[in-house]
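Asker: Predicted structure and sequence below. I'll ask about it afterward.
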Amino acid sequence: MTTKTTVYIYTLTDPISEQVRYVGKTNNPKRRYRQHLYCAKQLISHSQRWIQGLLDQGLKPEMQIIETTTRSLWREREQYWIQHYQEIGSPLTNLTEGGGGWGSMHHTPEACERISQARQGMKFSKEHKAALSASKDSFYTTERGKQVIESLARRYAALTDEQVVEVYLLAHQNVSQVQIAKMYHIPSSSVSEIKTNKRYKYVKRPPLPLFDPG
């Protein structure tokens, strides 16, 4: 798989403890690795502070590609691997559960330098932060906001509508979430969220079958 849609899921491992400390995605592993090293000096995130701590000792994290996927599936796969390493006790430095968000933003070294300089002396009042949050929340309650959410959800969905229904029904038939997750190659947390209608909300669930308790 070497097309423009290729996305790599990778890990960064601590050379001292040999434990996986970070899971991420990238289209260009070599460039992304350089970004990690260069942007570590910002010391904003947990992963940046960890990497800078290694650099201060003359060490570097070790990158390993653990899966090759596509642009339409990488979010679900990144979440899967983050959950996997969390479940086996790896002390991850990821800020989020994966699949996008602030912790997934990638910047060039030049951008990192500009951001670092711009952040110096920058402060936002509580009122300003609250206003920004309220504005975002207000938009997503509008009909247009709901359409945007559904459009993005469908665009990056790892499961088809039919598969979502299958997972939903299996989850209500005493099949373990771990087993279902393995069947559909998704995180077990996704199974739970499908079962409780917290994920793939746009997919209409069928009425649950009535089981004969006897």
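Answerer: Looks like it came in fine.

Asker: Which of the helices and strands in the chain ranks last by mean pLDDT?
Answerer: Sorting the helices and strands of the chain by mean pLDDT, DSSP states H and E puts helix 109-119 at the bottom, at a mean of 57.

Asker: I'd guessed Y33 sits against M63; true?
Answerer: Yes: the criterion here is CB atoms under 8 Å, and Y33 meets it with M63 at 5.0 Å. The way it works is simple: take the backbone N, C-alpha and C, and place the C-beta from them, glycine included.

Asker: Buried residues, stretch 84-95. List them.
Answerer: For stretch 84-95, burial by neighbour count (16 or more other CB atoms under 10 Å) applies to 85-86, 90, 92-94.

Asker: Tell me which entries of these lie within helices.
Answerer: Of the positions in these, 85-86 sit in helices, assigned by DSSP state H.

Asker: Go through the buried residues of stretch 84-95 and say which is closest to W74.
Answerer: Of all those, N94 has the smallest distance to W74: 14.6 Å, by CB to CB.

Asker: who touches the closest one in this structure?
Answerer: For N94, the contacting residues are 22-24, 47, 82, 103, by CB atoms under 8 Å, 6 or more residues apart in numbering.

Asker: of the residues you listed, closest to E67?
Answerer: Proximity of these to E67 (CB to CB) peaks at V23, which lies at 10.1 Å.

Asker: partners of the helix or strand harbouring that closest one in the sheet?
Answerer: Counting by DSSP states H and E, the element that carries V23 is strand 20-26. Applying DSSP bridges, strand 20-26 is found paired with strand 6-13 (antiparallel).

Asker: mind listing the helices in the protein by residue range?
Answerer: 29-39, 46-56, 74-87, 109-119, 126-140, 143-155, 161-171, 177-184, 188-195.

Asker: So, low pLDDT: which residues of this protein?
Answerer: 1-4, 95, 97-126, 128-140, 145-158, 209-214 (pLDDT under 70).

Asker: Mind listing residues that contact the strand holding V23?
Answerer: Identification of contacts with strand 20-26 by CB under 8 Å, 6+ apart yields 7-14, 32, 47, 50, 61, 74, 77-78, 81-82, 85, 90-94, 98, 104, 106.
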